[in-house]
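Chemist: build the 3D model from these lines:
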Amino acid sequence: MIRSFFRLLYSFRDRTFRIVQGFIYFPTLLVLSTGCNVFIPESKWQRFEYVEGEMGVDFKLKFYTSSEAKAERVAKSVYSRVEELNYIFSDYEPNSELSRLSRAPVGIPIKVSDELFEVLLIAQKLSLQTRGAFDITAGASVRLWRELRRERERNPNKVLSLKELRSAQKRVGFNQLKLNNKNKTVTLTASGLQLDLGGIAKGYVVDEAMGMLKRKGINRAFVAASGDILVSRAPLNRPGWKIEVRDVDEFGNIYPRTIYLNNSALSTSGDTEQFVEINGSVFSHIVDPRTGIGLTSRIQVSVISASSTLSDCFATAICVLGKEEGLQFADTRKLQVLIMELAEGTPRVTPSRYWQGW
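Modeler: Numbering: from 1, shown residues only. Below you'll find the model as predicted:
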């Protein structure tokens with residue numbers, strides 16, 4: 001019995017000693033285990049910038065974070081996601097999800113990804129609002145003008161025939177695309193449709209890239225894909241992210257005017273870079289889905305919105321609608337829109353009623 005008592009006593013003392021040891025060493029272990037994640041205040045964060053060729057344009061990231069190692073990991077994951085989305089939305093890739101959908105049998109509901117369905121749904125709503133001025137089924141007409149621009153580099157006398165234009169236009173019509181919101185399916189009701197997301201996809205991808213940055217704890221960032229820009233919170237001690245928008249001075253000269261944006265998207269669309277000139281007329285790369293003809297109005301449209309997806313497609317739609325109808329469309333929806341006219345004489349800039357860029 002005495003031996004049992006002493007064994008119990010020693011056992012209790014040993015357990016007590018181990019518990020005390022635990023309390024002594026636990027803070028030390030905690031410090032050692034977290035030593036590689038030293039807290040760095042946001043005021044000490046560095047700015048990192050990346051540019052990669054994605055979706056046929058320079059896809060830019062600028063953001064602030066705590067270390068170069070984290071910045072590299074984040075940028076890599078964002079660009080990987082951009083490539084995934086491009087493989088969904090591209091009409092250049094024959095095996096993209098969009099291209100496969102364009103080849104789907106008529107009348108058969110096709111299940112599509114959540115990303116593609118969301119973009120199609122937004123596009124179809126805008127098609128209804130603009131009565132077809134925005135139409136993602138205009139791929140046949142868009143491709144016709146795209147090929148013409150390329151061919152005229154080799155053969156300056158190449159023009160489109162009326163037969164070619166009419167043949168492409170017969171395959172255009174947003175009402176021939178049916179969406180089932182419950183099942184996330186898409187049904188083509190006519191053959192030969194070619195879907196083209198050129199007026200909305202880049203904006204959506206920019207939104208997705210910013211969403212990834214925010215989920216990684218990065219809240220001061222700039223994302224741009226050509227004319228589609230999205231920013232979150234401003235850099236510390238700055239009024240906003242510095243962006244240049246084309247404006248016209250009192251003498252009619254075009255110049256880059258600086259604006260500062262916070263938590264906003266800015267998209268610019270027009271024919272200042274991509275166009276073809278035929279017999280003295282300038283035809284834009286933007287095609288009016290209602291006629292199948294490249295725009296000749298020579299306007300540039302900038303839209304500020306909360307979403308890059310919306311600013312992108314609104315800018316394209318307003319280009320097609322033209323100045324008067326476009327401003328009416330913008331004011332009805334309280335959109336921030338800036339329209340620059342380039343066709344005749346001195347360039348002119350007209351803001352919508354709700355423009356707050358300056």
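Chemist: low-scoring pLDDT stretches of this structure, where are they?
Modeler: For the chain, applying pLDDT under 70 flags the ranges 1-37, 271-274, 279-280.
Chemist: what ranges do the helices span in it?
Modeler: According to DSSP state H, the chain carries its helices in the segments 2-33, 68-89, 97-102, 114-129, 139-154, 162-169, 201-215, 308-321, 323-332.
Chemist: redo those as JSON lines? Include distance to residue 348 and mean neighbour count.
Modeler: In this view, the C-beta of every residue, glycine as well, is placed from N, C-alpha and C. Below are those laid out as JSON lines (distance: least, C-beta to C-beta, whole Å; neighbours: other C-beta atoms under 10 Å):
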{"stretch": "helix 2-33", "distance to residue 348": "64", "mean neighbour count": "9"}
{"stretch": "helix 68-89", "distance to residue 348": "35", "mean neighbour count": "17"}
{"stretch": "helix 97-102", "distance to residue 348": "37", "mean neighbour count": "18"}
{"stretch": "helix 114-129", "distance to residue 348": "26", "mean neighbour count": "18"}
{"stretch": "helix 139-154", "distance to residue 348": "26", "mean neighbour count": "17"}
{"stretch": "helix 162-169", "distance to residue 348": "31", "mean neighbour count": "14"}
{"stretch": "helix 201-215", "distance to residue 348": "26", "mean neighbour count": "23"}
{"stretch": "helix 308-321", "distance to residue 348": "16", "mean neighbour count": "27"}
{"stretch": "helix 323-332", "distance to residue 348": "9", "mean neighbour count": "17"}
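Chemist: these: which one's closest to residue 245?
Modeler: Of all those, the one in closest proximity to residue 245, counting by C-beta to C-beta, is helix 308-321 (12.2 Å).
Chemist: so that closest one versus helix 114-129, what angle?
Modeler: Angle of helix 308-321 versus helix 114-129, following axes from the mean of the first three to the mean of the last three C-alpha atoms, to 10 degrees, is 30 degrees.
Chemist: before we move on, back to that, distance to residue 276 added to the helices of the chain, as CSV?
Modeler: CSV is the format used below for these (distance: least, C-beta to C-beta, whole Å):
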stretch, distance to residue 276
helix 2-33, 63
helix 68-89, 25
helix 97-102, 24
helix 114-129, 25
helix 139-154, 5
helix 162-169, 14
helix 201-215, 22
helix 308-321, 16
helix 323-332, 22
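Chemist: from residue 41, how far off is the closest residue to residue 40 other than its chain neighbours?
Modeler: Among residues not flanking residue 40 along the chain, residue 66 sits closest, at 4.4 Å (C-beta to C-beta, 6 or more residues apart in numbering). Computed as C-beta to C-beta, to the nearest Å, the residue 66 to residue 41 distance reads 9 Å.
Chemist: which one's more surrounded, the two?
Modeler: More crowded of residue 66 and residue 41, by other C-beta atoms under 10 Å: residue 66, with 18 against 7.
Chemist: now the closest residue to residue 176 other than its chain neighbours: phi and psi?
Modeler: Counting by C-beta to C-beta, 6+ apart, the nearest residue to residue 176 once its immediate chain neighbours are dropped is residue 190, at 4.2 Å. The phi/psi pair for residue 190 (degrees, to the nearest 10) reads phi -150, psi 150.
Chemist: what about residue 190, neighbour count?
Modeler: So residue 190, with other C-beta under 10 Å, has 15 neighbours.
Chemist: residues in contact with it?
Modeler: Applying C-beta atoms under 8 Å, 6 or more residues apart in numbering to residue 190 gives the contacts 106, 171, 173, 176.
Chemist: again with residue 239
Modeler: residue 260.
Chemist: all strands of the stretch 151-300 of the chain, in order?
Modeler: With DSSP state E, counting those that start in this stretch as the definition, the stretch 151-300 of the chain shows strands at residue ranges 177-180, 185-188, 221-225, 228-231, 241-248, 254-261, 264-270, 275-278, 281-284, 287-288, 293-294, 299-305.
Chemist: just so I know, which of those lies nearest residue 59?
Modeler: From these, taking C-beta to C-beta, the stretch that ends up closest is strand 221-225, at 5.0 Å.
Chemist: tell me the angle that closest one makes with strand 241-248.
Modeler: Using the same axes, to 10 degrees: strand 221-225 against strand 241-248 is 40 degrees.
Chemist: pairing partners for strand 221-225, with directions?
Modeler: For strand 221-225, the paired strands and their directions (DSSP bridges) are strand 57-65 (antiparallel), strand 228-231 (antiparallel).
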